[in-house]
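Engineer: what follows is a predicted structure for the sequence shown.
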Amino acid sequence: MFGIAILLVLGSGFLHSVWNLYTKKSLNKNVFLWFCQLVAVIAFLPWTILEWDSGSWDGTGILIVLASMLLHGLYVILLAAAYSAGDLSQVYPIMRGISPLLVPLLAVIFLQEQLSVIGWLGVVSIVLGIVLLSDVKFKRDGLSSSKAPLLALAVGVCIAGYIIVDKIALDYVSPVVLNEATNIGNLLILSWATFRSGAIRKKTNPDLPLHYGRSRCFGAMGVGSANSASLGESAPSLRFFYG
């Protein structure tokens with residue numbers, strides 16, 4: 001089971017990197033992500049209907065799922081803002097570097113999981129390496145240089161938060177239902193952002209064909225995430241590698 005989890009994490013990590021690359025290259029990040037989430041919601045809907053009754057929809061379960069939807073929604077809107085403000089080489093390492101530090105801490109506090117001394121040293125080494133690679137510089141003469149790193153940091157906090165909340169949510173609903181709920185959360189907040197700006201209504205927007213084509217490729221990428229989330233207690237310790 002652990003070997004399957006590792007393979008799922010590595011595969012999801014690769015796809016996640018490619019997805020982030022296309023997000024950064026898109027002209028309008030919110031529109032591209034909106035198309036991705038729309039495809040994902042449609043793709044997962046039949047499967048979600050089949051597994052709907054397998055969950056425990058009591059008050060606590062509903063609140064946990066809503067919290068997950070909120071965190072995922074904040075994540076995706078902050079992600080678009082971060083990529084609009086900074087370079088991929090700067091933003092991606094920061095937002096992926098903070099979660100390896102926060103997730104083990106939160107897992108120990110809230111999920112009573114354990115990590116060895118060697119494990120903690122590995123976590124610290126990963127975080128330090130990512131910070132050095134990102135070459136973050138905060139200047140005193142303005143906020144422009146710190147905007148992208150701060151947004152990336154906020155994205156990383158959201159990632160750590162939804163990983164822990166998702167693990168708790170899996171005690172109430174299946175991975176497929178949870179994945180569909182978070183996709184809907186993403187779609188709702190991105191719908192607000194894209195329709196408010198009017199970008200998605202511009203028929204002459206040259207980026208729309210790219211949004212559609214690429215979103216079909218990456219919109220249903222959550223299958224790996226959903227499967228890895230269902231692997232039990234190893235999931236929180238593994239999922240921070242790809243979010």
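Structural biologist: Thanks, I have it.
Engineer: contacting residues around Gly61?
Structural biologist: Listed by Cβ atoms under 8 Å, 6 or more residues apart in numbering, the contact set of Gly61 reads Gly55, Ala169, Asp171, Tyr172, Val173. From N, CA and C alone the C-beta is placed, and that goes for glycine too.
Engineer: per-residue confidence at the last one?
Structural biologist: So that's Val173. We note a pLDDT of 92 for Val173 in this prediction.
Engineer: helix, strand, or coil at it?
Structural biologist: Per DSSP: H, G, I helix; E, B strand; the rest coil, the local secondary structure of Val173 is coil.
Engineer: please name the nearest non-neighbouring residue to it.
Structural biologist: Sequence neighbours aside, Gly55 is the residue nearest to Val173 in space, at 3.7 Å (criterion: Cβ to Cβ, 6 or more residues apart in numbering).
Engineer: any idea how far Ala181 is from that neighbour?
Structural biologist: The gap separating Gly55 from Ala181 is 10 Å, by Cβ to Cβ, to the nearest Å.
Engineer: same deal with Trp47?
Structural biologist: 13 Å.
Engineer: more neighbours: which of those two?
Structural biologist: Ala181 (21 against 16; other Cβ atoms under 10 Å).
Engineer: surely the more buried one and Met69 touch.
Structural biologist: Yes - using Cβ atoms under 8 Å, Ala181 is in contact with Met69, at 5.5 Å.
Engineer: on that earlier part again, now for the residue nearest to Val173: which residues touch it?
Structural biologist: Contacts were defined as Cβ under 8 Å, 6+ apart; by that measure Gly55 touches Gly61, Tyr172, Val173, Ser174, Val177.
Engineer: any idea which helix or strand carries Leu115?
Structural biologist: Counting by DSSP states H and E, no helix or strand carries Leu115.
Engineer: same deal with Ile6?
Structural biologist: Going by DSSP H and E, Ile6 is part of helix 2-25.
Engineer: low-confidence ranges in this structure?
Structural biologist: 1, 130-131, 133-145, 197-243 (pLDDT under 70).
Engineer: show me the helices in this protein, by range?
Structural biologist: With helices called from DSSP state H, the chain shows them at 2-25, 29-51, 59-85, 88-110, 117-134, 144-169, 175-197, 208-218, 222-229, 234-239.
Engineer: returning to what we had before: what do Gly55 and Ala181 both touch?
Structural biologist: By Cβ under 8 Å, 6+ apart, the residues touching both Gly55 and Ala181 are Val173.
Engineer: picking that back up, the helix holding Ile6 packs against which elements?
Structural biologist: Judged by 3 or more Cβ pairs under 8 Å, 6 or more residues apart in numbering; DSSP states H and E, the packing partners of helix 2-25 are helix 29-51, helix 59-85, helix 88-110, helix 208-218, helix 222-229, helix 234-239.
Engineer: a markdown table for those, including distance to Phe14?
Structural biologist: Shown next, in a markdown table, are these (distance: least, Cβ to Cβ, whole Å):
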| stretch | distance to Phe14 |
| --- | --- |
| helix 29-51 | 17 |
| helix 59-85 | 18 |
| helix 88-110 | 13 |
| helix 208-218 | 12 |
| helix 222-229 | 10 |
| helix 234-239 | 15 |
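Engineer: just to revisit the earlier point, mind checking which of the contacts of Gly61 are buried?
Structural biologist: Taking 16 or more other Cβ atoms under 10 Å as the criterion, what is buried in the contacts of Gly61 is Gly55, Ala169, Tyr172, Val173.
Engineer: cool, thanks, signing off.
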